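Enquirer: take a look and give me a structure for this.
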Amino acid sequence: MTLFSLLLVLGWERLFKMGERWQLDHHLSGLFRRQRRFSLLRTLGMTFIAMAIVALCLLALKGLFFGLLQLLFWIGVGLLCIGAGSMRLHYHAYLKAASHNDTEAHKAMAEELTLIHGLPIECSEREYLCELQNALLWINYRFYLAPLFWFVVGGAWGPALLVGYAFLRAWQSWLARHSTPLERSQSGVDAILHCVDWIPVRLAGVAYALLGHGERALPAWFASLGDRHTSQYQVLTRLAQFSLARDPHTDKVETPRIAVAMAKKVSLVIVVVVALLTIYGTLV
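Expert: The predicted model follows:
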């Protein structure tokens, strides 16, 4: 069921998911606006409640109509949690503005794409474009690779783990956009995601290392296995940049396109690996 659901979700997302309508982040914004206190326990509590609701739905639908309702539920959860509909709109708006040399518009879209980690204040054009590439690679990880990982490794409870991850992702994004740095720190969401992302970041890093300069990336990947302090964003983007090192970071249109093409290639490789593992019975 996992592979079948995943392929349907990715196909639908690629063809039809644009904007926020099919984005869990958008539907949770009303809940987040009502939060007045921020703490690690509150963040964990909200996340576990969201996961429990999904788990109860899975139990309630089990066996009904030969499993058809449960399959539809899996697909619905996947559509809400996998894919970056609104981010894709920001990315295309950036390319359109950059191609027309609309500096103000393309910088505004770049700020949207780099919402979580931001852009360096004083830097060269090359550093600016490199950081934009990193943001796009991280968006691909946050909205595709990491959700795919939790959806697959969760087995029969994959949708519950997927919703838990998507809830934390949405909470972090909302805090970055609407709250102060202090409130975001008090919520503990960054610390939770640092732990949750540890394994999937390194699995994604392997793909980037093998597709790029393996002789340079693989030693960096092995070094990351014992690194508990560097942010997962830096670990992933550092490995990915080895794959992008051959390409010049000079064109504000082509530079982000190269990063997105690489991210799509890595996503395809991981989906193929999941399919092969499923076919050979390693995964459910």
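Enquirer: how about low-confidence regions in this protein?
Expert: 1, 17-19, 212-215, 247-249, 280-284 (pLDDT under 70).
Enquirer: okay, and L277 sits in which element?
Expert: Under the criterion of DSSP states H and E, L277 resides in helix 254-279.
Enquirer: packing partners for that helix?
Expert: For helix 254-279, the packing partners by 3 or more Cβ pairs under 8 Å, 6 or more residues apart in numbering; DSSP states H and E come out as helix 2-16, helix 85-99, helix 125-140, helix 146-153, helix 198-211, helix 232-244. For every residue, glycine as well, the C-beta is placed using N, CA and C.
Enquirer: at 7 Å instead, please
Expert: helix 2-16, helix 125-140, helix 198-211, helix 232-244 (3 or more Cβ pairs under 7 Å, 6 or more residues apart in numbering; DSSP states H and E).
Enquirer: now that helix: buried residues?
Expert: Neighbour-count burial for helix 254-279, with 16 or more other Cβ atoms under 10 Å as criterion, is recorded at 255-256, 258-260, 262-263, 266-267, 269-271, 274, 278.
Enquirer: now distance to L40 too, for those, in JSON lines please.
Expert: Conversion of the buried residues of helix 254-279 to JSON lines gives the following (distance: Cβ to Cβ, whole Å):
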{"residue": "T255", "distance to L40": "38"}
{"residue": "P256", "distance to L40": "35"}
{"residue": "I258", "distance to L40": "38"}
{"residue": "A259", "distance to L40": "33"}
{"residue": "V260", "distance to L40": "34"}
{"residue": "M262", "distance to L40": "35"}
{"residue": "A263", "distance to L40": "31"}
{"residue": "V266", "distance to L40": "32"}
{"residue": "S267", "distance to L40": "31"}
{"residue": "V269", "distance to L40": "35"}
{"residue": "I270", "distance to L40": "31"}
{"residue": "V271", "distance to L40": "34"}
{"residue": "V274", "distance to L40": "32"}
{"residue": "T278", "distance to L40": "36"}
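Enquirer: returning to what we had before: among the helices and strands packed on helix 254-279, which is nearest A220?
Expert: helix 232-244 (6.0 Å; Cβ to Cβ).
Enquirer: need the contact list for A166.
Expert: Residues in contact with A166, defined by Cβ atoms under 7 Å, 6 or more residues apart in numbering, are L24, C81, P147.
Enquirer: can you classify H117 by secondary structure?
Expert: Classification of H117 using DSSP: H, G, I helix; E, B strand; the rest coil returns coil.
Enquirer: actually, D227.
Expert: State at D227, reduced to three classes by three-state DSSP: coil.
Enquirer: how about it, what does it touch?
Expert: The contact partners of D227, taken as Cβ under 7 Å, 6+ apart, are V235.
Enquirer: what's the neighbour count on the residue nearest to R202 when sequence neighbours are not counted?
Expert: The spatial neighbour of R202 that comes closest, neighbours along the chain excluded (Cβ to Cβ, 6 or more residues apart in numbering), is S224 at 6.2 Å. By other Cβ atoms under 10 Å, 21 other residues sit near S224.
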